[in-house]
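>>> quick one: sequence and predicted model below, then my questions.
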Amino acid sequence: MIRGWHNMRFGFAQSIRLMAVLLFVLPFTAQAVAVDDTPLADPQKEARAREIMAGIRCLVCQNQSIEDSNADLARDLRVLVRQQVALGKDRDQVEAFLVARYGDWVLLKPPFNLRTLALWVFPPFLLLATLTGLWIRAKGVRRKTSIEPLPLSEEEKTRLAALLDQEGGQT
């Protein structure tokens, strides 16, 4: 006899398990909702704040701007940027404020200075070293393929002839 969902009976243990699963899963659905920030009342200031936010790195997501991130820290940084813009500060002042708190890493495009020298110099150096290594390896492979094989010794010729005779007799 086939039972449908409406005919199933849950015992006490099954009901407890179902409630435990629901209690475990339901709180996580609330975290999936994007955080809605309160924009500035002045549209020009809000546009300036969003422009600044696009250049600030989310310290949780790392390669995402705080404007695009839903992380709690990104929301807090958006609030900070809006507060600074509401106080009348320009982009450089807001960025200087954030750099003083979080370091040059907070900027998606960090400035070129002594502290960030490795960020600017290392990637091109690594690319150049990789290309040089590949070129040297390719040049070495070409050189190896152009080497002529050594001729067989008399002993090797004798062994080869014996193997060929043995194989010819088997077929």
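Received, thanks. Numbering: from 1, shown residues only.

>>> Three-state assignment for the residue most central in space within the chain, please.
With distances taken as C-alpha atoms, centre = their mean, the residue of the chain nearest its centroid is N63 (7.3 Å). Put simply, N63 is coil when judged by DSSP: H, G, I helix; E, B strand; the rest coil.

>>> against which helices or strands is the helix or strand containing F122 packed?
Per DSSP states H and E: F122 is located in helix 117-145. Contacting helix 117-145 under the criterion 3 or more C-beta pairs under 8 Å, 6 or more residues apart in numbering; DSSP states H and E is no other helix or strand. In short, each C-beta sits where N, CA and C put it, glycine included.

>>> rewinding a little: contacts only, for the residue nearest to the centre of the chain.
Applying C-beta atoms under 8 Å, 6 or more residues apart in numbering to N63 gives the contacts R57.

>>> what about it, distance to G140?
From N63 across to G140, the span is 37 Å (C-beta to C-beta, to the nearest Å).

>>> just how off-centre is the next helix-or-strand element following the helix holding F122 within its chain?
Note on helix 117-145: by DSSP H and E, the next helix or strand toward the C-terminus is helix 154-170. Relative to its parent chain, helix 154-170 has a centroid offset of 59 Å by C-alpha atoms, centre = their mean, to the nearest Å.

>>> would you mind writing the CA trace of helix 154-170 as PDB?
What follows is helix 154-170, C-alpha atoms only, in PDB (Å, rounded to 0.1, in the frame of the first residue of the first chain):
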ATOM      1  CA  GLU A 154      79.200  -3.700 -31.700                       C
ATOM      2  CA  GLU A 155      77.900  -5.400 -28.600                       C
ATOM      3  CA  GLU A 156      74.500  -3.500 -28.900                       C
ATOM      4  CA  LYS A 157      74.300  -4.300 -32.600                       C
ATOM      5  CA  THR A 158      74.800  -8.000 -31.800                       C
ATOM      6  CA  ARG A 159      72.100  -7.900 -29.100                       C
ATOM      7  CA  LEU A 160      69.700  -6.100 -31.400                       C
ATOM      8  CA  ALA A 161      70.200  -8.600 -34.200                       C
ATOM      9  CA  ALA A 162      69.600 -11.500 -31.700                       C
ATOM     10  CA  LEU A 163      66.300  -9.900 -30.500                       C
ATOM     11  CA  LEU A 164      65.100  -9.200 -34.000                       C
ATOM     12  CA  ASP A 165      65.900 -12.800 -35.000                       C
ATOM     13  CA  GLN A 166      64.100 -14.100 -31.900                       C
ATOM     14  CA  GLU A 167      61.100 -12.000 -32.700                       C
ATOM     15  CA  GLY A 168      61.100 -13.000 -36.300                       C
ATOM     16  CA  GLY A 169      61.000 -16.600 -35.300                       C
ATOM     17  CA  GLN A 170      58.000 -16.200 -33.100                       C
END
